[in-house]
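Participant: Got a sequence here, can you model it:
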Amino acid sequence: MDLPLICCIIKTQTAYISDGIIEADMSVTLSYVYFTTSFLLIVLSLYGLRHIAIHGARAFSLLSAAMAIYAGGYGFELLSTTAEEMLIWIRVEYIGCSFLPFLIMTFVRDYSGYKRFINKGSLLILGMMNLATLVIVNTNQLHGLYYSSTGVDHSMGFPLLETTWGIWYLIHLAVLYLVLVVSIIIIIAKTTKTHGKSRRKNLFVLTGFLVPVVSAVVYHLSKGDLNLDIVPLSFLVMAFLIMIGLLRYKITFLSEITNDVIFNFIEEALIALDPEGYIVMTNKATAGFFPELEDVRPGDSIDKYDFLRDLLHSENESQIEHNGKFYRSRLIPIDGFNGKLMVLSDITEYILIRKQLEFNATVDLLTGLYNRRFFMDYFRKIHRPGCIAFIDLDDFKSINDSFGHLSGDRVLSDLGACIKRTLPDMIACKYGGDEFIIILQGVDIQEFKTRLITFADEYMKLKKLADCPFSAGISEYVPGDFESSVATTDKLLYRAKSLGKSRMVCSDGTIIEI
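Facilitator: Model (predicted):
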């Protein structure tokens, strides 16, 4: 054989063998890339499970595990040489790939807190559709609903599965795109409502979701030219961006012990706040205390709730009244977090008991007026001038003797009620058995006298078991001097009694018959 011809044949065979080796090396290298992707996704999945206190961490771990199965199966698909082998690994891939829409939506639901929009019913429907996808992929040879035809493509220098999409493939693809678009819209909406660290965290998560969307669009639009699936790689980028956002900006991170022991079991309302006043998380008791916080979401500003906003800028401990109940608020700094934990305790029962005790200590239970002890303390703190009236019921003893003490109590109660009704702005007390004192600051004797006349007219119109008018002494008081002020009116009262009772005697010399 001619030597040049032999050399040419040797070169041709060498080139052919070299190309085969290169092709094999290329498929092996790519498979290692996907195996590494699968391993890293498994690591992220396990890491997420260690921090289940993060909103969405549990769903993120399941999502990462599903993506790991997808990427690992595709790595083995790249090592296959026949369509039959590749279809076997396709079935493995779809153990994870089938449920990506369900797991993505579950993560977004837990992360965003939009549980009313993404309800359990919609998740159930989505999960059933994904389960149907898994079944259809595994039985595709019977009906061709997922792949209407399959073959092997060598255009890239190594064997890749070439498929023609079936109707259910298009349905699954549409559902996946819809879920990704809805997720992005929800995260954008959440991002626009937050600021500071909350917004930066949301931007990381948003970017993470955009990566698989772009890669999926590139892959599916170039299906005729590119059979290499780059979507699993994009999921790794997505997972890293989400984890960076969640852990770098630890505004949604509290330890598992804090979450399980305190947030899930404590009976007080707990609201974790970041350094800028945005809500990180709340416990179950919070919605029970404050129904308006039932739909609160991580990243919502505390400024949305007036009664909480004021507490954030108050002392470490304060008290508020809200919706007819009383709460004690405490702000506890969180070390290493630079945020605060707002603890709200329902102290309504304690406050009501205390008020009842204070009421019993300061109010005469029969008449509803202040008692003598309260009045003396109050009077000694007065600094403004005003007027005082000392009232005594005429012949009250005869009512007790004739009608009994219960009837006498009724007369005292009626008098107290009339004072409260006609003189609501005055301070009145039951000073003795049938003696009453009334004062008003910032009034002159003439106006005070006129108002007492109106009161007397109203009292005398009351229907009583027996006529029981009163006598009164009226004068200007000495601010802060209880003894001398009462002594002055007592003398005027005595004079009214001596003139025939049923009279009001004033310090200006006026005598008014009742």
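
Participant: May I have the phi/psi pair for the spatially closest residue to Gly339 that is not a sequence neighbour?
Facilitator: Distance criterion C-beta to C-beta, 6 or more residues apart in numbering; nearest residue to Gly339, sequence neighbours excluded, is Asp274 at 4.7 Å. C-beta: built from backbone N, CA, C; applies to glycine. Torsion angles at Asp274 (phi, psi; degrees, to the nearest 10) stand at phi -80, psi 170.

Participant: On the pLDDT front, check Asp274 for me.
Facilitator: At Asp274, the model reports a pLDDT of 74.

Participant: All the strands of the stretch 101-250 of the chain, in order from the start?
Facilitator: Counting by DSSP state E, counting those that start in this stretch, the stretch 101-250 of the chain has strands at residues 147-153, 160-165.

Participant: want to throw those into CSV with mean neighbour count, distance to Ala487 and mean pLDDT?
Facilitator: As requested, the strands of the stretch 101-250 of the chain are exported to CSV (neighbours: other C-beta atoms under 10 Å; distance: least, C-beta to C-beta, whole Å; pLDDT from 0 to 100):
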stretch, mean neighbour count, distance to Ala487, mean pLDDT
strand 147-153, 15, 108, 89
strand 160-165, 18, 105, 87
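
Participant: can you put those strands in a markdown table and add distance to Gly408?
Facilitator: Shown next, in a markdown table, are the strands of the stretch 101-250 of the chain (distance: least, C-beta to C-beta, whole Å):
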| stretch | distance to Gly408 |
| --- | --- |
| strand 147-153 | 100 |
| strand 160-165 | 98 |
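
Participant: Low-confidence regions, the stretch 251-400 of the chain specifically.
Facilitator: 251-264, 299, 315-316, 335-338 (pLDDT under 70).

Participant: Point out where the stretch 401-514 of the chain drops to low pLDDT.
Facilitator: Using pLDDT under 70, the stretch 401-514 of the chain drops low at 463-467.

Participant: Sketch out the helices for it, chain order is fine.
Facilitator: 405-422, 445-461, 482-498 (DSSP state H, counting those that start in this stretch).

Participant: As JSON lines, the ones you listed with mean neighbour count and distance to Asp508 would be great.
Facilitator: Listed next are the helices of the stretch 401-514 of the chain as JSON lines, based on neighbours: other C-beta atoms under 10 Å; distance: least, C-beta to C-beta, whole Å:
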{"stretch": "helix 405-422", "mean neighbour count": "17", "distance to Asp508": "22"}
{"stretch": "helix 445-461", "mean neighbour count": "16", "distance to Asp508": "6"}
{"stretch": "helix 482-498", "mean neighbour count": "18", "distance to Asp508": "10"}
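
Participant: Format those helices as TSV; extra columns: distance to Ile186.
Facilitator: Output for the helices of the stretch 401-514 of the chain, formatted as TSV (distance: least, C-beta to C-beta, whole Å):
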stretch	distance to Ile186
helix 405-422	58
helix 445-461	65
helix 482-498	69
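
Participant: Next one: Asn119 from Ala59, what distance?
Facilitator: Distance, Asn119 to Ala59, using C-beta to C-beta, to the nearest Å: 15 Å.
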